Structure formats: structure tokens, C-alpha cells
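1. okay, sequence plus prediction incoming.
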Amino acid sequence: MTAPTIWRDLRRFTQARVGIGRAGNAVPTSAHLDFQEAHAAARDAVWSALDVAALRAELGEIPVLHSEAEDRKTYLLRPDLGRRLRAADRTSLPRTGGTVIVIADGLCANGVQAQAAPLIRALSAEWPVVIVEQARVAIGDDIGEAMGAQAVVVLIGERPGLSAQDSLGAYITWQPRRGRSDAERNCISNIRPGGLSHADAAAKIHWLLHGAKALGATGVSLKDEMVSGGLALP
């Protein structure tokens, strides 16, 4: 069955699977094959590895750290180990204060590889940056606490979907320390060319950090009420 014109037009504005049609009680063969290909790509993206050397070539000789997860298989099977920084790395970090940027591979290193450097350039801020491998969001608490940071911004590869395997998320935590919950963070997601632009994401990060400083908190206490195109706080 041919998809109606309204669905064909809608596909121009989204990568989501809309109006794929049907063949009897099933989807058309082409749509089924497309789904299988996308699912395979998403599974591969979970196992993708961060090219640290290439990232440092773009951003400079920044420190490279590691979680307590020794390898990718351990990382996927033991989420708790990906949330904790390796003890040797924790003791090696300098006390810097201020805001720290953590680049973490997360569940899709492809997204970090493609989006992290352009976003950091868009931020135009002289904040210390570290890279951490086999990491989950909460590892920013460990790193921020060790560095005496006022705030931490974790740039991490988002769980790959069936339409995007190049997406980056940014998680902002005020006064990071071990034991912070996800309710104490603000998240900016879908940072990629087909989603939120680097410039818009950078503006929102700055806005949320201004708001966090004024409020003394992030997460459910800090509502994203940023006026488009401006940083003025409500």
C-alpha cells in the first residue's frame, strides 16, 4: 500500500519511521529491511570505541582517565563500575574549582567523536577538560569532587536509537560529589546536526550554569526557561 501524500511530506522533516505503510497485516518488505539495518547499526554503535588520539588532536593534550570498568563488556554488564573513576586517576587530578568538562564515551562513542569537539569550541570557555573511557554520567560526580569543581558538564554519547547513532547528551551537575542522583542534574539531549545544533546547545549550557549559580542547585529545582536566543534569567 502506498503511503498517503501527507506522510510522504512529513518524512522530509523527521528521521522517525512515520507512515511506512503495510502489506496485509505486516509492514512492507522494504520497511522491515530498513528496520533490521537500523537495529544492527544501533547494536554496533553500543560497541563503538572512542578514538582518543583523534579527539586529543582536536582539543589538545588533555588528561585521559578510565572508569573502574576494565573493558567494554564489563562496562555493559556492570553499569555501577562505569559510574566510578579508577582510584589511580582520582588521586592524579588537580584541584581546579570552577566548571569542569568531562568527555565520556557513554553508550555511543560515535556521537562523542562527532559532536564533542565542535560543542566545546562553541562554548568558547576556558574550562578544564578531561576525557574518560568506559564511563557513565555519574562519573562526573567523582571527577568534579576530586577536582573541587563548582559544576561539572558531562558530554556523553547517548543510547543509540534506530534513526540516530551520532547523538551527544550534556549533563550539568552543581556541586558534584559522589552520591548525587539523576534528579540533581539537568540534561540537554539530541545534540547533533539533525537535532539541537552545537551553538544552541552551548547557549543552553551557559544559561543553565548561570541559573545553577544563582539558585545553588541543578536538576528538578532548576527549570529550563531560557528565552530563545538569550541568556537572561527569569
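-> On my side now, so go ahead. Just so it is clear, the model here is predicted, and its values are computed rather than measured. Numbers count the residues shown, from 1 in each chain.
2. other SSEs contacting whatever helix or strand residue 113 lives in?
-> Using DSSP states H and E, residue 113 sits in helix 109-123. Applying 3 or more C-beta pairs under 8 Å, 6 or more residues apart in numbering; DSSP states H and E, one finds that helix 109-123 makes contact with helix 52-59, strand 99-104, strand 151-157, strand 168-174, helix 198-215. From N, CA and C alone the C-beta is placed, and that goes for glycine too.
3. who wins for proximity to residue 28 among those?
-> Counting by C-beta to C-beta, residue 28 lies closest to strand 151-157 out of the helices and strands packed on helix 109-123; the figure is 31.9 Å.
4. quick check, residue 225 in a helix?
-> No. Going by DSSP: H, G, I helix; E, B strand; the rest coil, the assignment for residue 225 is coil, not a helix.
5. over to it: give its phi and psi.
-> phi -120, psi 30 (degrees, to the nearest 10).
6. what's the answer for residue 64, then?
-> Here is the backbone geometry of residue 64 (degrees, to the nearest 10): phi -120, psi 120.
7. looks like it contacts residue 135 (just checking).
-> No. Counting by C-beta atoms under 8 Å, residue 64 stays clear of residue 135, with 11.2 Å between them.
8. list the contacts of the following helix or strand past the helix holding residue 113.
-> Per DSSP H and E, the first helix or strand lying C-terminal to helix 109-123 is strand 129-133. Here strand 129-133 makes contact (C-beta atoms under 8 Å, 6 or more residues apart in numbering) with 50, 52, 55-56, 59, 62-67, 85, 89, 93, 100-105, 120, 139, 143.
9. swap in 6 Å and give it another go.
-> 62-66, 101-105, 139 (C-beta atoms under 6 Å, 6 or more residues apart in numbering).
10. where does pLDDT dip in this structure?
-> Where the chain drops to pLDDT under 70, the residues are 1-8, 10-11, 13-19, 31-47, 159-165, 227-234.
11. isn't residue 101 up against residue 153?
-> Yes. Counting by C-beta atoms under 6 Å, residue 153 is a contact partner of residue 101 at 5.0 Å.
12. coming back round to it: derive a PyMOL selection command for the buried subset of the contacts of strand 129-133.
-> Only the buried entries of the contacts of strand 129-133 go into this PyMOL selection, using 16 or more other C-beta atoms under 10 Å:
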select buried, resi 62+64+65+66+101+102+103+104+105+139
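13. could you dump the contacts of strand 129-133 into a markdown table with distance to residue 225 added?
-> Formatted as a markdown table, the contacts of strand 129-133 follow (distance: C-beta to C-beta, whole Å):
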| residue | distance to residue 225 |
| --- | --- |
| 62 | 33 |
| 63 | 35 |
| 64 | 37 |
| 65 | 34 |
| 66 | 38 |
| 101 | 24 |
| 102 | 26 |
| 103 | 28 |
| 104 | 27 |
| 105 | 32 |
| 139 | 29 |
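14. and the gap between the residue nearest in space to the middle of the chain and residue 224?
-> Per C-alpha atoms, centre = their mean, the C-alpha nearest to the average position across the chain is that of residue 169, at 2.3 Å. Distance of residue 169 to residue 224, given as C-beta to C-beta, to the nearest Å: 14 Å.
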